[in-house]
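Enquirer: below are the sequence and a predicted model for it; my questions follow.
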Amino acid sequence: MQPSFSLPHLNGWEAVVTAGAVLLATLLTAVVLNRLFFHLAAGLARRTGHPLALFLVDRLRLPSRLLVPLLALILVLPSLNLAAVAQASAEHLLTLVFIAALAWLATGVILASRDYLLTRYGNNGSDDYKARALETQLTVAVRIVVVLVVVVALAAMLMTFAAIRSLGMSILASAGIVGITVGFAAQRSIATLFAGLQIAVTQPIRINDVVLVEGEYGNIEEITLTYVVVKIWDQRRLLVPVTYFLEKPFQNWTRRSSELLGTVFFQADFSLPVERVRQQLHEILLASKKWDGRVWSLQVTNATERSIELRALMSASDAPSVWDLRCEVREKLLHFMLDTFPESLPKARAYLSSDRTD
C-alpha cells in the first residue's frame with residue numbers, strides 16, 4: 001500500500017538533507033507527544049490514587065520512550081522514497097528494534113501488575129502467611145513469564161531473517177532427535193528449573209521465612225528459578241541451589257507462623273530460692289517490649305552433684321525479638337542473682353577433715 005503522503009524524488013545532498021529533516025522532525029514530535037501523554041497520565045493517576053495506574057505509568061514510561069518514536073519512524077519511512085535496498089534494510093532494522101521494544105513494554109506491564117498485587121495483597125511487615133505465600137508465588141511466576149516473553153521476542157526477531165526461517169523448517173523435521181540430545185545434555189539445568197517451579201507450588205520456603213541452612217541462620221531474601229538467596233544475620237548472603245530445599249533437611253522457623261519460643265539456661269547452687277527467681281523472671285518479661293505475653297516459665301531441668309540447672313522459657317512474635325529477649329532476660333537475671341543471692345552462684349565444695357592419726 002502506497003503512503004498517502006510522500007516526498008518528491010530528490011537526488012544527492014538534497015535527498016539526504018530532506019530525509020534527515022523529516023526523520024528529525026518525526027522523532028522530536030514523537031518524543032514531545034510521548035512526554036506530554038505521560039505527564040497527563042501521571043497527573044490523572046495521582047488524582048485518582050489507583051495503585052495500578054501509578055505502577056503502569058512508572059513502569060511504562062521508559063519503554064514508551066523507545067516504542068513511540070520507533071512507531072513514528074515506521075509510519076513515516078515509506079514516505080522518504082529511499083532506494084529499495086536502503087528501504088528494506090531500514091525497515092528490517094526498525095522491525096527488530098520494535099519487537100524488542102514491545103517485549104520491554106510487555107515486561108513493564110507484567111512488573112506493574114506484580115507491584116500492584118504485592119501492594120494490595122502482599123506482606124506489609126506483619127506475619128501474614130498468605131501474604132508471604134503470594135509474594136513467593138508471584139516472584140517465581142513473574143520470572144517465568146518474563147523469560148517466556150524474552151524467548152518469544154528473540155524467536156520473532158530471528159524469524160524476520162529469511163535464512164533462519166528456511167533453516168527452521170529443516171530443524172523442525174529433526175526436532176525429536178535434537179530435543180533428546182539437548183535433554184540429556186542439560187538434564188541438570190532442567191531439573192533445577194523444575195525444582196524452582198515445585199518450590200513456587202509447594203512452598204517449603206517463602207520470601208522472608210526464617211531458616212537455618214548449613215548451620216547459618218537467616219531470612220529468605222530472594223527466590224529465583226535456579227537458586228535462593230539467604231540473608232545471614234550478619235549481612236552476608238548465602239546462595240543455595242533450589243534443589244537443596246527439596247533434597248536436604250533444613251529448619252524453617254516460620255513455616256506456619258513467626259511466633260517462637262526462646263530459652264535461657266542458668267547454673268546455680270542448691271541454696272537458690274527458685275520461686276523468688278521465678279517471680280523476678282515474670283517481672284522482667286512484663287517490663288519487656290519484646291515479650292508477646294503468650295508463654296513463660298522457670299523450671300529446674302537438671303541437678304548434678306555440684307549445681308542445679310534452671311531453664312527460663314519465654315515467647316516472642318518473631319526470631320529477632322526472641323534473640324533480643326533471651327539476651328535481655330539472661331543479663332537481668334544474672335544481675336539479680338549477683339545482687340540478691342550471690343551466695344547461690346555455682347560453687348565447688350570441699351570438705352577437710354581435721355582427724356589425724358599418730
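Expert: That came through fine.

Enquirer: what comes up buried for stretch 40-49?
Expert: A41, A45 (16 or more other C-beta atoms under 10 Å). (C-beta placed from N, C-alpha, C; glycine too.)

Enquirer: report the backbone C-alpha coordinates of it in CSV.
Expert: Below are the C-alpha coordinates for stretch 40-49, written out as CSV (Å, rounded to 0.1, in the frame of the first residue of the first chain):
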residue,chain,number,x,y,z
LEU,A,40,-1.1,13.9,31.8
ALA,A,41,-1.3,10.2,32.6
ALA,A,42,0.8,10.7,35.8
GLY,A,43,-1.3,13.6,36.9
LEU,A,44,-4.5,11.6,36.3
ALA,A,45,-3.1,8.6,38.2
ARG,A,46,-2.1,10.8,41.1
ARG,A,47,-5.6,12.4,41.3
THR,A,48,-7.4,9.0,41.2
GLY,A,49,-4.9,7.4,43.5
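
Enquirer: off-centre distance for it?
Expert: Relative to the chain's own centre, stretch 40-49 is displaced by 28 Å; criterion: C-alpha atoms, centre = their mean, to the nearest Å.

Enquirer: per-residue confidence averaged over it?
Expert: Mean pLDDT, computed over stretch 40-49, is 86.

Enquirer: next: stretch 222-242.
Expert: On average, stretch 222-242 scores 89.

Enquirer: who touches V274 in this structure?
Expert: L298, V300, L310 (C-beta atoms under 8 Å, 6 or more residues apart in numbering).

Enquirer: Produce a ChimeraX select command limited to the buried residues of those residues.
Expert: Buried subset of those, written as a ChimeraX selection, criterion 16+ other C-beta under 10 Å:
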select :298,310
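
Enquirer: turn the contacts of V274 into CSV, columns for distance to P346.
Expert: Converted to CSV, the contacts of V274 look like this (distance: C-beta to C-beta, whole Å):
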residue, distance to P346
L298, 17
V300, 14
L310, 11
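
Enquirer: okay, and which of the contacts of V274 map to helices?
Expert: Residues of the contacts of V274 located in helices (DSSP state H): none.

Enquirer: what about the contacts of V274, which are in strands?
Expert: Of the contacts of V274, the ones assigned to strands by DSSP state E are L298, V300, L310.

Enquirer: tell me how far the residue nearest to the last one when sequence neighbours are not counted lies from L281.
Expert: Meaning L310. Of all residues not flanking L310 in the chain, F266 sits nearest, at 4.3 Å (C-beta to C-beta, 6 or more residues apart in numbering). Per C-beta to C-beta, to the nearest Å, F266 is found 10 Å from L281.

Enquirer: so which of the two has more stuff around it?
Expert: L281 (22 against 19; other C-beta atoms under 10 Å).

Enquirer: the more buried one and R59, how far apart?
Expert: 53 Å.

Enquirer: next one: L102
Expert: For L102, the distance to R59 - C-beta to C-beta - is 14 Å.

Enquirer: L261 now?
Expert: 43 Å.

Enquirer: and the helix or strand harbouring A100, what does it pack against?
Expert: For A100, the element it lies in under DSSP states H and E is helix 84-121. The contact analysis (3 or more C-beta pairs under 8 Å, 6 or more residues apart in numbering; DSSP states H and E) places helix 84-121 against helix 51-76, helix 129-158.

Enquirer: remind me which residues of the stretch 51-200 of the chain are low pLDDT?
Expert: 81-83, 122-130, 164-190 (pLDDT under 70).

Enquirer: and L261 and R59? which has more neighbours close in?
Expert: More crowded of L261 and R59, by other C-beta under 10 Å: R59, with 20 against 12.

Enquirer: how far is whichever strand or helix holds V329 from where the chain is centred?
Expert: Secondary structure from DSSP H and E places V329 in helix 319-340. Computed by C-alpha atoms, centre = their mean, the chain-centroid distance of helix 319-340 equals 35 Å.

Enquirer: joint contacts of F266 and L281?
Expert: A312, L333.

Enquirer: tell me the centre residue of the chain?
Expert: E222 (3.6 Å; C-alpha atoms, centre = their mean).

Enquirer: which residues in the stretch 151-300 of the chain form strands?
Expert: 210-213, 216-223, 227-232, 237-241, 251-252, 260-268, 291-303 (DSSP state E, counting those that start in this stretch).

Enquirer: what's the closest of these to F341?
Expert: Relative to F341, the nearest member of the strands of the stretch 151-300 of the chain by C-beta to C-beta is strand 260-268, separated by 8.2 Å.

Enquirer: outside of the closest one itself, list whatever touches it.
Expert: Contacts for strand 260-268 (C-beta under 8 Å, 6+ apart): 253, 295, 301, 307-316, 318-319, 322-323, 325-326, 329-330, 333-334, 337, 344-346.

Enquirer: now that strand, how far from the chain's geometric center?
Expert: Using C-alpha atoms, centre = their mean, the offset of strand 260-268 from its chain centre is 35 Å.
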